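Participant: sequence plus predicted model, see below.
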Amino acid sequence: METPKDDIIAAVYRVIQERKANPSENSYTASLMAKGIDKILKKLGEEATEVVIAGKGGKREEIVYETADLFFHSLVLLGFYDIDPEEVYAELRRRFGMSGIEEKNSRVG
């Protein structure tokens, strides 16, 4: 069954949650979860850096590939804390149409 384009984030997140709940030794996601938050954050930082390097290089396919890795590892972080991507979507909807300065001023804390 093919996943609709607009639902791929939700589909990947469901798989991440499944791997977290039912880990197997052959699952990269389960191994990240088992290693804990520090390993997840390290991978997320590495992927963010790789996106920056790809962006600097300007090769479209590398930017796409590295951004996919960054999205995936961001979803692993969300999954670790049981934060549904819908919460991120809701925050983006809240910010939509708001200037960056206005958004920063609206933050609590």
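Facilitator: Noted; the coordinates are in hand.

Participant: just checking, Leu41 touches Phe80?
Facilitator: No - counting by CB atoms under 8 Å, no contact exists between Leu41 and Phe80, whose distance comes to 9.4 Å. C-betas here are computed from N, CA, C, even on glycine.

Participant: okay, those two: which has more neighbours?
Facilitator: Phe80 (16 against 13; other CB atoms under 10 Å).

Participant: report the contact partners of the more buried one.
Facilitator: Lys20, Met33, Ile37, Ile40 (CB atoms under 8 Å, 6 or more residues apart in numbering).

Participant: which ones among the residues you listed lie within helices?
Facilitator: Mapping those onto helices (DSSP state H) picks out Lys20, Met33, Ile37, Ile40.

Participant: PyMOL command to pick out the buried ones of those residues?
Facilitator: Of those, the buried ones go into a single PyMOL selection, burial set by 16 or more other CB atoms under 10 Å:
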select buried, resi 20+33+40
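
Participant: residue nearest the centroid of this structure?
Facilitator: By CA atoms, centre = their mean, the mean C-alpha position of the chain lies nearest to Ser74, the distance being 2.2 Å.

Participant: got a pLDDT number for it?
Facilitator: Turning to Ser74, the model gives it a pLDDT of 98.

Participant: tell me which element it falls in.
Facilitator: helix 60-80 (DSSP states H and E).

Participant: residue contacts, the closest residue to Met33 other than its chain neighbours?
Facilitator: Nearest residue to Met33, sequence neighbours excluded (CB to CB, 6 or more residues apart in numbering): Lys20, at 5.0 Å. Counting by CB under 8 Å, 6+ apart, Lys20 makes contact with Thr29, Ala30, Met33, Gly79, Phe80.
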